[in-house]
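Trainee: have a look at this prediction, sequence included:
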Amino acid sequence: DRYPILMPVIRFMCTQIRRCRNHRGKVLPMPCSSGHPRRLRLYCLLPVCIATSAWAQQGAALGQLPRPEMQAYALSLPPTLDGNVRDDPAWQNATPSTGFTQVQPLKGAAASNRTEIRVGYTESSLWVGIIAHDDNPETIIVSENRRDASLDQTDSVRFIIDGLLDRQNGFVFGTNPTGMQYDAQVIREGTVGTFGGGTGGFDENWDGSWEVRAIVDDAGWSAEFEIPFSTLRYGPDDMQSWGINFQRNIRRNNEIVFWAPLGPQHSITRVSRAGTVHGVNPPPQRNLQITPYVLSAWRRDGNGSNDDQEAGFDIKYSLTPSLTLDATYNTDFAQVEVDDVVVNLDRFSIFLPEKRPFFLENAGQFTVGNNREVELFFSRRIGIVDGEQVPIEAGLRLSGKIAGRNNVGLLYMTDDGLEGIASANDYY
């Protein structure tokens, strides 16, 4: 009943199956080498082709539906970040948006369980409240709770924010009923080759500064997100409209639903088909961020004492809301997450993912080629020679968009070299 266009096709297929069972060599007398009548095989194949075509047309039609819209609300007081959206007075005046559509398993059908989304903001942060109703909450499936673990095999919600409304780039945030953090950066709808051993168009190694909490109750589960405006990229206007889309997975049903409908061949990274949230009033973005560091060591033994000091800094300057200049001097990456141990069983090099913050933002702008095939630029080669770490002296990096549509990525790095191993080197 959900797909009336397929009903005649299904009836026709059933008729052909009955004819196949009742066939005694009289109605369709042209056997082929397999022993089956050729004409019957053609009749049976034709409905399958028609059904496949109708299915594809219906999937394409999902991506052509009008974009949904919602309103962001100014919150008079910040919500309590505990995941309890239903009882938090800060959300009471925010009208929820609903109307999710399945892409799996029943394309175009309404979601089996209601999902409510609310978007609000305070002076410093964007807030998102999500209530995921569930008629059988004891069957909620959770498989991971570490940061950036896959959300595909668990009950989960995620959303993408396109603060510049360019319908190409954005940031993805997500969680599951345990309140784990998942985030990523999307460049050109996630269609740009690879970067640093992972996808450059969809960079899961990007880690923003934000918080989330989730709870499970008798009606399902809910989550609250607090995302500082400093984590996002947006325009200079006082009152803004942003691109936004939401995805919910109901794992026990193998169900995937979107707020802004997408075709089955697309994912949340399809920013061009995202909906719109109106009425966001963010503060002017800070144009300059300086992160200094100082290291000092002092040692004393029987031969006397000695000390060693080291200092450096990272600078991030927003030339425009969409164009960022990064600078670093005497760079230290001691706080970066260590790589997973990988055993290489073939003759090809291992491409470990890039995790150093200096290289991560807008990483897709520097993607040239395909991972382990033709990759002209691989940032992990900067600062290492034959397995030995080489100190980076300084670097500059310009990345973002110019004139709204032109992507730009420029990089210069220089290292000190290692005596007897590698001479000083410049990277462009």
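Mentor: Cool, the structure landed.
Trainee: all helices for the chain, in order.
Mentor: Using DSSP state H, the helices of the chain run over 7-22, 38-62, 357-360.
Trainee: which helices and strands sit right next to the shortest one?
Mentor: Here helix 357-360 touches strand 392-402, going by 3 or more Cβ pairs under 8 Å, 6 or more residues apart in numbering; DSSP states H and E. Any C-beta I mention is one placed from the backbone N, CA and C, and that applies to glycine too.
Trainee: partner strands of the strand it packs on and their direction?
Mentor: Using DSSP bridges, strand 392-402 pairs in its sheet with strand 323-329 (antiparallel), strand 406-415 (antiparallel).
Trainee: just those strands: most buried one?
Mentor: Burial of those is given as mean neighbour count (mean count of other Cβ atoms under 10 Å); strand 323-329 ranks first at a mean of 18.
Trainee: contacts for that strand next, please.
Mentor: 312-319, 358, 361-362, 392-402, 408 (Cβ atoms under 8 Å, 6 or more residues apart in numbering).
Trainee: again with stretch 415-425
Mentor: Applying Cβ under 8 Å, 6+ apart, the contact partners of stretch 415-425 are Ile382, Gly383, Val385, Asp386, Glu388, Val390, Pro391, Ile392, Glu393, Thr414, Tyr427.
Trainee: what subset of those residues is buried?
Mentor: With burial judged by 16 or more other Cβ atoms under 10 Å, the buried subset of those is Ile382, Gly383, Val390, Ile392, Glu393, Thr414.
Trainee: and the gap between the third one and Ile384?
Mentor: In other words, Val390. According to Cβ to Cβ, to the nearest Å, Val390 stands 6 Å off from Ile384.
Trainee: where does the prediction get shaky in the stretch 101-250 of the chain?
Mentor: 192-200 (pLDDT under 70).
Trainee: try it again at 90.
Mentor: By pLDDT under 90, the low-scoring segments of the stretch 101-250 of the chain are 104, 143-146, 148, 166, 168-169, 185, 187-208, 230, 233, 235-238.
Trainee: which stretches in it count as strands?
Mentor: Using DSSP state E, counting those that start in this stretch, the strands of the stretch 101-250 of the chain run over 101-104, 115-121, 125-133, 156-162, 170-175, 182-186, 194-195, 198-199, 202-203, 211-217, 220-228, 240-250.
Trainee: let me have the ones you listed in TSV, extended by mean neighbour count and distance to Ser423.
Mentor: Below are these laid out as TSV (neighbours: other Cβ atoms under 10 Å; distance: least, Cβ to Cβ, whole Å):
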stretch	mean neighbour count	distance to Ser423
strand 101-104	20	55
strand 115-121	23	52
strand 125-133	23	48
strand 156-162	25	45
strand 170-175	24	40
strand 182-186	24	35
strand 194-195	27	27
strand 198-199	22	31
strand 202-203	25	32
strand 211-217	18	46
strand 220-228	22	43
strand 240-250	23	48
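Trainee: need these in a markdown table with distance to Glu337, can you?
Mentor: A markdown table is the format used below for these (distance: least, Cβ to Cβ, whole Å):
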| stretch | distance to Glu337 |
| --- | --- |
| strand 101-104 | 33 |
| strand 115-121 | 31 |
| strand 125-133 | 25 |
| strand 156-162 | 21 |
| strand 170-175 | 19 |
| strand 182-186 | 14 |
| strand 194-195 | 17 |
| strand 198-199 | 13 |
| strand 202-203 | 14 |
| strand 211-217 | 19 |
| strand 220-228 | 21 |
| strand 240-250 | 26 |
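Trainee: looking at those, which is closest to Gln92?
Mentor: With Cβ to Cβ, the closest approach to Gln92 among the strands of the stretch 101-250 of the chain belongs to strand 115-121: 10.1 Å.
Trainee: can I get that closest one in PDB? Just the C-alpha atoms.
Mentor: Presented in PDB, the C-alpha positions along strand 115-121 are these (Å, rounded to 0.1, in the frame of the first residue of the first chain):
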ATOM      1  CA  THR A 115      11.800  12.400  16.400                       C
ATOM      2  CA  GLU A 116      11.700  16.000  17.700                       C
ATOM      3  CA  ILE A 117      14.500  18.500  17.100                       C
ATOM      4  CA  ARG A 118      14.900  21.900  18.600                       C
ATOM      5  CA  VAL A 119      17.600  24.500  17.900                       C
ATOM      6  CA  GLY A 120      18.400  27.400  20.200                       C
ATOM      7  CA  TYR A 121      21.300  29.700  21.000                       C
END
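Trainee: start the count at 8 instead of 1 going forward.
Mentor: That works, and once the first residue is 8, the last one we named lands at strand 122-128.
Trainee: which elements pack onto that strand?
Mentor: Looks like strand 122-128 contacts strand 76-78, strand 80-81, strand 132-140, strand 247-257, strand 282-287 (3+ Cβ pairs under 8 Å, 6+ apart).
Trainee: and with 7 Å instead?
Mentor: strand 132-140 (3 or more Cβ pairs under 7 Å, 6 or more residues apart in numbering; DSSP states H and E).
Trainee: give me the residues contacting the strand it packs on.
Mentor: Residues outside strand 132-140 that contact it (Cβ atoms under 7 Å, 6 or more residues apart in numbering) are 82, 86, 92-93, 98, 120-128, 164, 166, 226-236, 239, 255.
Trainee: what strands flank that strand, and is each parallel or antiparallel?
Mentor: By DSSP bridges, strand 132-140 pairs with strand 122-128 (antiparallel), strand 227-235 (antiparallel).
Trainee: with respect to Arg74, which of those lies nearest?
Mentor: Short answer: strand 122-128, nearest of the strands paired with strand 132-140 by Cβ to Cβ, at 14.8 Å.
Trainee: so how far is the closest one off the chain centroid?
Mentor: Computed by Cα atoms, centre = their mean, to the nearest Å, the chain-centroid distance of strand 122-128 equals 19 Å.
Trainee: could you give the angle of that strand to strand 247-257?
Mentor: 150 degrees (axes from the mean of the first three to the mean of the last three Cα atoms, to 10 degrees).
Trainee: what's the spacing between the closest residue to Gly407 other than its chain neighbours and Ser279?
Mentor: Excluding the flanking residues, the one nearest Gly407 by Cβ to Cβ, 6 or more residues apart in numbering is Leu330, at 3.7 Å. Per Cβ to Cβ, Leu330 is found 21 Å from Ser279.
Trainee: over to Arg306?
Mentor: Separation of Arg306 from Ser279 (Cβ to Cβ) stands at 58 Å.
Trainee: next: Tyr300.
Mentor: Distance, Tyr300 to Ser279, by Cβ to Cβ: 40 Å.
Trainee: follow-up on the earlier one: to Gln160, which of the strands paired with strand 399-409 lies closest?
Mentor: For Gln160, the closest of the strands paired with strand 399-409 is strand 413-422, at 33.4 Å, according to Cβ to Cβ.
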